[in-house]
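Asks: Okay, predicted coordinates and the sequence, questions at the end:
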Amino acid sequence: MLKNTLLVRGPRGPNGPRDGARRRTSPPPPARAPRRRSAWPAHARLAALALLLALGLPGCGSTKPPPPPASEPLDLSRFPHVRHRTLSCEPCHQGDARPGKRDHAPCDLGNCHRAEFLTAPGRVCSVCHVSVTASERGLEAPLVPFPRTAGFRALPSLFSHALHLDSGRIEAAVGFHLSCGDCHAADDAGTPQSAGHAACARCHAEEASLPRAPAMQQCASCHGALPARPRRRVQVITGDLHFGHGNHRADRSGAPISCVACHPATSTATAHDDHRPPSVASCVPCHDDSRRVPAEQRMRSCETCHRDKRSSLIALAPRSHLPGTERPLDHTLAFRTDHGDAAAREASRCATCHSVMSGSPRDACDECHRVTEPADHRLSWRELDHGIQAAAAAERCALCHTADSCVACHRQTRALTCRCRSFASSTG
């Protein structure tokens, strides 16, 4: 390796100036690193840049803003609001229209938790994250599976935080401005609660008398978008029934099932009470169609919905569980003449279908037999037999015949074959 030699001129020596010169050697300059060649040829780099520009992807100098962060489900009860009661809502929530977005910035506001963020993951991180390692980026660490809020939100609301926190527009519409506490009232512990219908009704109910506030009589005005699947299911099923929305997103063929297929009144509901549980009748169109559900999920398979029903009860399926043209298997043509004896032996079985709960209200035999004659009312009954039978058991006649006595119907002049007694008095 060559060295730089610095010649310093000194006194002239006997052998000439070279003897008097002092030589001083300096270290060489640092060697330059060899210039790295790009792994991509020049024409490949140009092609990649052209592709980025053509697709509109953000690259060097791109002014296109990144997409907004996705909204996350919130559980206000898990955040220690009580410890932050000295702060107002806006420094953390910042009036954002997406209050559920994930962001560490509000926690770092005013250097509140900066020390915890700059050191090894600890107690503060465990409030929101299952585990955080030093090698992970904070927002990528898995979140604690917080339970959903207590409110029922099967339908997403078209609510806008930005609009309701715009003091100028709100004051022009209703005469006053809103704060977070107007909708998110705190409980006794100081924890803000999720806003419900009662909070909306303060301004939007008809009796609020705020003419410029949109009315809330039509649910679809706020709940206009039907989700692919509900965010939460309210517990309305009792007894031994089991039902899951997750199994009803699509039928056997893959065709999607909309919410209004089971909840037809949702789009025209005027109150929360109109969003009632669906009746069994709404299950029949799908569960009696072999193209939409497999055989083991048909209406006659009790185990599809009932936990403690046996397959032997399939023949006794209630009327509400069957199509309008179908009846239990043992209801043959002969059963029409024999069902009286069957009802006398086991009246509770008849009540399974012939009851208010099944949609075919029948409290007693007479409710059907007022239009369907009993089996002994043959052709000879009118002319020969009914008078004698009425004299023997007038209370039986009173089950169907609402007249008080025979003469109410028998106005002909010929003699009657029965003693004209009052049906009403005979039945007590």
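Replies: Arrived safely, thanks for sending. Quantities reported herein were computed from a predicted structural model and do not represent experimental measurements.
Asks: What distance do you get for residue 216 to residue 222?
Replies: 7 Å (Cβ to Cβ, to the nearest Å). All C-beta spots, glycine's among them, are computed from the backbone N, C-alpha and C.
Asks: my bad, should have said residue 407
Replies: Taken as Cβ to Cβ, the span from residue 407 to residue 222 is 65 Å.
Asks: out of these two, which sits in the more crowded spot?
Replies: The neighbour comparison of residue 407 against residue 222 (other Cβ atoms under 10 Å) goes to residue 222, with 17 against 10.
Asks: What pLDDT is listed against that one?
Replies: Note on residue 222: pLDDT of 73.
Asks: low-confidence ranges in the stretch 101-250 of the chain?
Replies: Applying pLDDT under 70 to the stretch 101-250 of the chain flags the ranges 101-106, 108-111, 114, 117-118, 120, 134-158, 217-221, 223-240.
Asks: hey, where'd the helices end up in it?
Replies: 105-108, 114-118, 123-126, 161-164, 167-174, 180-183, 197-204 (DSSP state H, counting those that start in this stretch).
Asks: Residue 189: which of these is closest?
Replies: helix 180-183 (14.8 Å; Cβ to Cβ).
Asks: Now do the closest one: which elements does it pack against?
Replies: Contact partners of helix 180-183 among helices and strands, from 3 or more Cβ pairs under 8 Å, 6 or more residues apart in numbering; DSSP states H and E: helix 197-204.
Asks: Residues touching the helix it packs on, excluding its own?
Replies: 174, 182-185, 208, 210, 213-216, 222, 272 (Cβ atoms under 8 Å, 6 or more residues apart in numbering).
Asks: List the backbone torsions phi and psi for residue 128.
Replies: Backbone torsions of residue 128, given as degrees, to the nearest 10, read phi -110, psi -30.
Asks: how much space between it and residue 92?
Replies: 14 Å.
Asks: Just give the nearest non-adjacent residue to residue 294, would you?
Replies: residue 252 (6.3 Å; Cβ to Cβ, 6 or more residues apart in numbering).
Asks: That neighbour contacts residue 291, correct?
Replies: Yes: using Cβ atoms under 8 Å, residue 252 makes contact with residue 291 at a distance of 6.8 Å.
Asks: And the two? Which one has more around it.
Replies: Neighbour count, other Cβ under 10 Å: between residue 252 and residue 291, residue 252 has more, with 13 against 9.
Asks: OK, contacts around the more buried one?
Replies: Residue 252 makes contact with 291, 292, 293, 294, according to Cβ under 8 Å, 6+ apart.
Asks: Tell me, how many residues neighbour the last one?
Replies: Which is residue 294. Residue 294 has 10 neighbours, counted by other Cβ under 10 Å.
Asks: For it, give me phi and psi.
Replies: Here residue 294 shows phi and psi, under degrees, to the nearest 10, equal to phi -70, psi 170.
Asks: residue contacts, residue 278?
Replies: 262, 263.
Asks: Name the SS class of it, please.
Replies: Secondary structure for residue 278, judged by DSSP: H, G, I helix; E, B strand; the rest coil, is coil.
Asks: picking up where we left off before, by pLDDT, give me the weakest of the contacts of residue 252.
Replies: Lowest pLDDT of the contacts of residue 252: residue 291, 79.
Asks: quick one: that one from residue 241, how far?
Replies: Remark: distance between residue 291 and residue 241 (Cβ to Cβ) = 25 Å.
Asks: so where is the stretch 251-400 of the chain shaky, pLDDT-wise?
Replies: Within the stretch 251-400 of the chain, the ranges that satisfy pLDDT under 70 run 266-276, 300, 307-329, 333, 337, 351-373, 375, 399.
Asks: could you pull out the helices for it?
Replies: Per DSSP H, counting those that start in this stretch, the stretch 251-400 of the chain carries helices over the ranges 284-287, 335-345, 347-353, 366-369, 379-380, 386-392, 394-398.
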